[in-house]
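Visitor: What follows is a predicted structure for the sequence shown.
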Number of protein chains: 2
Amino acid sequence: MKIFKTLREFNDFRVSINKEDIGFVPTMGNLHKGHISLIEHSFLNNSITVVSIFVNPTQFGPNEDFAIYPRTLYKDCEEIHGLEMKLQRKDPEKEIIVFSPDSMNDVYPEGFSTKIIVSGVTDKLCGVKRPNHFEGVTIVVYKLFSLVNPKIAYFGKKDYQQFIVIKKMVRDLSLPVEIESCPIIRAEDGLALSSRNQYLTPPEREKALILPKTINASNYLFSKNSLKVALEKFNSLKADVMSKGKWEYLEVYDAESLEPVTEKTISFLIAGAYQSTAARLIDNTVVKNNYV
Amino acid sequence: MKIFKTLREFNDFRVSINKEDIGFVPTMGNLHKGHISLIEHSFLNNSITVVSIFVNPTQFGPNEDFAIYPRTLYKDCEEIHGLEMKLQRKDPEKEIIVFSPDSMNDVYPEGFSTKIIVSGVTDKLCGVKRPNHFEGVTIVVYKLFSLVNPKIAYFGKKDYQQFIVIKKMVRDLSLPVEIESCPIIRAEDGLALSSRNQYLTPPEREKALILPKTINASNYLFSKNSLKVALEKFNSLKADVMSKGKWEYLEVYDAESLEPVTEKTISFLIAGAYQSTAARLIDNTVVKNNYV
């Protein structure tokens, strides 16, 4: 495993390799099993996997947790190293590269003032309460793509809207990269893994389980009922759970376009954001329309 | 000269050539000597010159002249062909390619919804009265760059702010292209060439000459005086000419950053926009600070 903490060093390395199949996993560090599954996926399918670790300021709102977001580079690198050793037993010629720029300037050079705005798919769900969040995501992902120049990049389905926004940016800007998504990884109690889960006290966590339970129940409703019936049942479920906790949203959209659903929708996204005392948690599921 | 009117045909051609030195001149057609000078410049410095002709809707405001903007593809191609024949006498192996997509879909595929916003340099001069103009310019130039993949692209200095905005986008997004600017070409009466000049009646044109005359006089003021004196004289010139016609702006900025000028500014941009009855005209000049 190589670790590069400056763009200059990373660039020298990037230029020196002539491998074309580079898999890329962009992260903000504080890795959990969700990230690890992305890295593993990339390792199995590419000769080199680049993992970036960069807590990106532009995707945090002014009242969000940028300052306290957990930064655990040393532990993250140990984790990746352990994973690499395990995976190299089968594929000794493959490797993992960590790119963790120390300096903001390496990603956003002085005077940087350009935004990439994807409209439509950003004006709902998380885009409503986090108005500039996806602008921050698109620009950092764009910049990292242009620095890493991967063949394929891996994103977790937990941030489902982010995955759709990035796919849209890649399509609209004809970026030379494939976007792949990997399944949500959950803790034993059902909560989707997130670096922000550690902000929760045990009783808060217990209460927050209403989020994955509701998502799971919704999945069942939409897979077992026609759209009309599913929506009726979903709305009464929604009214019930919303009365029991502080939700930001609980919505159903077309999983491809994030447009409203119709009888012809091929798959449904059911996505929720739950505001616990110390953390905002999101979760979702995608259900094939069995009645189309 | 080859002419491609679909992206598919242009792409096939683009893939088939393995020349790396492609010069690119993006235009909206209705070519005049300003465009021709850009094409000539590109021809002399590259083995292949691609000229795009595409009237880009996204850079026009809702009350602007998109519908009536002159579309003269046949005449433009004749002009380019004549130029190519002349230039090939010295460089017979070089060639000019015209890419004029017939279909909006070739540039903006269905569902396209991404913007590239360069802030700072766009919030003054033409950016004030044409609020979404530069968003339209950046996205179409980005798209054309990604389709044409040129080594170098040429822009006229008449649209000076556009040139700066594009340079900034290219820098911020690390686009693999060089940006070069070419001098303003003027008619005998001094008016900077523009497709919009044809909207003017002869008396309107006569009146509009106050624009190049003022720009020229300002150039003299800033080259012959210290900044303090130049600004005093410029402000009284400005008050005088503004009382005589309908100006949108007449301003001085740092020619590199478009920030306010100081004693240390290396070169000054003096830029004006004049509203004639039937056309909005712009002009500018860049003056080295001889007192720095």
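Guide: Thanks, I have the structure now. It should be emphasised that the depicted structure is a prediction, and the values quoted were computed from it without experimental measurement. Residues are numbered from 1 along each chain as shown, chains lettered A, B, ... in the order given.

Visitor: mind listing the strands for the stretch 101-250 of chain A?
Guide: Ranges of strands within the stretch 101-250 of chain A are A:114-118, A:152-156, A:178-182, A:247-254, based on DSSP state E, counting those that start in this stretch.

Visitor: So which other helices or strands are in contact with the last one?
Guide: For strand A:247-254, the helices and strands in contact under the criterion 3 or more CB pairs under 8 Å, 6 or more residues apart in numbering or on different chains; DSSP states H and E are helix A:126-129, helix A:210-224, helix A:227-242, strand A:267-275. The way it works is simple: take the backbone N, C-alpha and C, and place the C-beta from them, glycine included.

Visitor: where in chain A is pLDDT low?
Guide: Along chain A, no part satisfies pLDDT under 70.

Visitor: so where do the helices sit in it?
Guide: Along chain A, counting by DSSP state H, helices occupy A:7-16, A:33-45, A:73-88, A:104-107, A:126-129, A:133-148, A:160-172, A:202-208, A:210-224, A:227-242.

Visitor: near chain B, which residues of chain A?
Guide: Proximity of chain A to chain B is confined to A:109, A:111-121, A:142-143, A:146-147, A:168-169, A:171-174 under the rule CB under 8 Å from any CB of the partner chain.

Visitor: tell me the contacts of residue A:144?
Guide: Residues near residue A:144 by CB atoms under 8 Å, 6 or more residues apart in numbering or on different chains: A:24, A:26, A:52, A:54, A:107.

Visitor: Confirm for me that the third one is in contact with residue A:25.
Guide: Yes: taking contacts as CB atoms under 8 Å, residue A:52 lies within contact range of residue A:25: 7.4 Å.

Visitor: Tell me which of the two has more neighbours.
Guide: residue A:25 (28 against 24; other CB atoms under 10 Å in any protein chain shown).

Visitor: quick one, what contacts that one?
Guide: A:35, A:38, A:39, A:42, A:49, A:50, A:51, A:52, A:153, A:154.

Visitor: Contact partners for the fourth one?
Guide: It refers to residue A:42. A:23, A:24, A:25, A:49, A:152, A:154.

Visitor: Against chain B, how distant is the most centrally placed residue in chain A?
Guide: By CA atoms, centre = their mean, the mean C-alpha position of chain A lies nearest to residue A:159, the distance being 3.7 Å. Going from residue A:159 to chain B by CB to the nearest CB, to the nearest Å gives 19 Å.

Visitor: show me what contacts the closest residue to that residue other than its chain neighbours?
Guide: Nearest residue to residue A:159 in three dimensions, chain neighbours excluded: residue A:282, at 7.3 Å (CB to CB, 6 or more residues apart in numbering or on different chains). Residue A:282 sits next to A:126, A:158, A:159, A:192, A:194, A:211, A:271, A:272, A:273, A:274 when contact means CB under 8 Å, 6+ apart.

Visitor: ok, of the residues you listed, which one's closest to chain B?
Guide: residue A:126 (17.1 Å; CB to the nearest CB).

Visitor: Name the nearest residue to that closest one, sequence neighbours excluded.
Guide: residue A:161 (5.5 Å).

Visitor: Domains in chain A, by residue range?
Guide: Here the domain parsing of chain A from automatic domain parsing is A:2-182, A:195-288.

Visitor: Narrow the contacts of residue A:144 to those in strands?
Guide: A:24, A:26, A:52 (DSSP state E).

Visitor: what's the neighbour count on the residue of the stretch 151-292 of chain A found nearest chain B?
Guide: Nearest residue of the stretch 151-292 of chain A to chain B: residue A:172, at 3.7 Å (CB to the nearest CB). The number of residues packed near residue A:172 is 21, by other CB under 10 Å.

Visitor: Double-check it against residue B:113; I have them as touching.
Guide: Yes: using CB under 8 Å, residue A:172 is in contact with residue B:113, at 6.7 Å.

Visitor: Between those two, which contacts overlap?
Guide: With CB under 8 Å, 6+ apart as the test, residue A:172 and residue B:113 both reach residue A:118.

Visitor: Taking the stretch 1-150 of chain A, what residue is nearest to chain B?
Guide: residue A:114 (3.7 Å).

Visitor: what does stretch A:195-213 contact?
Guide: A:28-30, A:32, A:65, A:69-70, A:186-187, A:189-192, A:241, A:244-245, A:272, A:274, A:276-283.

Visitor: What's the ChimeraX syntax to select whichever of those residues are buried?
Guide: Selection command for ChimeraX covering only the buried members of these, criterion 16 or more other CB atoms under 10 Å in any protein chain shown:
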select /A:28,29,30,32,69,186,191,192,241,272,274,276,279,280,281,282,283
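
Visitor: Between the contacts of residue A:42, identify the one with the most neighbours.
Guide: Going by other CB under 10 Å, residue A:49 tops these with 31 neighbours.

Visitor: So what pairs up with that residue in the strands?
Guide: residue A:23, residue A:96 (DSSP bridges).

Visitor: which residues touch residue A:34?
Guide: A:156, A:158, A:184, A:185, A:192, A:193, A:194.

Visitor: Show me which of those is closest to residue B:134.
Guide: residue A:156 (35.0 Å; CB to CB).

Visitor: Count the residues that sit near the closest one.
Guide: By other CB under 10 Å, neighbour count at residue A:156 equals 22.

Visitor: do residue A:158 as well
Guide: 21.

Visitor: In contact with it, which residues?
Guide: Residue A:158 neighbours (CB under 8 Å, 6+ apart): A:34, A:184, A:185, A:192, A:193, A:194, A:282, A:283, A:284.

Visitor: again with residue A:277
Guide: A:201, A:204.

Visitor: again with residue A:184
Guide: By CB under 8 Å, 6+ apart, the neighbours of residue A:184 are A:34, A:156, A:157, A:158, A:192, A:193, A:283, A:284.

Visitor: Return the member of the residues you listed nearest to residue B:4.
Guide: residue A:157 (40.4 Å).

Visitor: pretty sure the closest one is in contact with residue A:271, am I right?
Guide: No: counting by CB under 8 Å, residue A:157 does not reach residue A:271; the two are 10.6 Å apart.

Visitor: which residues are common contacts for these two?
Guide: Common neighbours of residue A:157 and residue A:271 (CB under 8 Å, 6+ apart) are residue A:284.

Visitor: These two: which has the busier surroundings?
Guide: For residue A:157 versus residue A:271, the count of surrounding residues by other CB under 10 Å is larger for residue A:271: 24 against 18.

Visitor: re the thing from before, residues near the residue nearest to residue A:126, how many?
Guide: Neighbours around residue A:161, by other CB under 10 Å: 22.

Visitor: How about the one 5 residues further on?
Guide: Taking other CB under 10 Å as the criterion, the count of residues near residue A:166 is 26.

Visitor: got a list of what it touches?
Guide: Residues near residue A:166 by CB under 8 Å, 6+ apart: A:137, A:138, A:141, A:153, A:155, A:179.

Visitor: what's the distance between residue A:91 and residue A:271?
Guide: Distance of residue A:91 to residue A:271, computed by CB to CB, to the nearest Å: 36 Å.

Visitor: what's the burial count for residue A:149?
Guide: Neighbour number of residue A:149 under other CB under 10 Å is 14.

Visitor: Would you agree it is in contact with residue A:11?
Guide: No: counting by CB under 8 Å, residue A:11 is not a contact partner of residue A:149; they are 10.4 Å apart.

Visitor: Can you show me the CA trace of stretch A:176-195 as PDB?
Guide: Only the C-alpha atoms of stretch A:176-195 are listed here, as PDB (Å, rounded to 0.1, in the frame of the first residue of the first chain):
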ATOM      1  CA  PRO A 176     -14.600   9.300 -19.200                       C
ATOM      2  CA  VAL A 177     -15.500   7.200 -16.100                       C
ATOM      3  CA  GLU A 178     -18.000   4.500 -15.200                       C
ATOM      4  CA  ILE A 179     -20.000   4.900 -12.100                       C
ATOM      5  CA  GLU A 180     -20.900   1.800 -10.100                       C
ATOM      6  CA  SER A 181     -22.900   1.500  -6.900                       C
ATOM      7  CA  CYS A 182     -22.500  -1.000  -4.100                       C
ATOM      8  CA  PRO A 183     -25.200  -2.100  -1.600                       C
ATOM      9  CA  ILE A 184     -25.800  -0.500   1.800                       C
ATOM     10  CA  ILE A 185     -24.000  -2.300   4.600                       C
ATOM     11  CA  ARG A 186     -25.900  -2.400   7.900                       C
ATOM     12  CA  ALA A 187     -25.000  -3.000  11.500                       C
ATOM     13  CA  GLU A 188     -26.600  -6.000  13.300                       C
ATOM     14  CA  ASP A 189     -29.400  -3.800  14.600                       C
ATOM     15  CA  GLY A 190     -30.300  -2.800  11.000                       C
ATOM     16  CA  LEU A 191     -28.900   0.800  11.100                       C
ATOM     17  CA  ALA A 192     -27.100   1.600   7.800                       C
ATOM     18  CA  LEU A 193     -23.400   2.200   8.500                       C
ATOM     19  CA  SER A 194     -22.300   5.800   8.600                       C
ATOM     20  CA  SER A 195     -19.400   7.700  10.200                       C
END
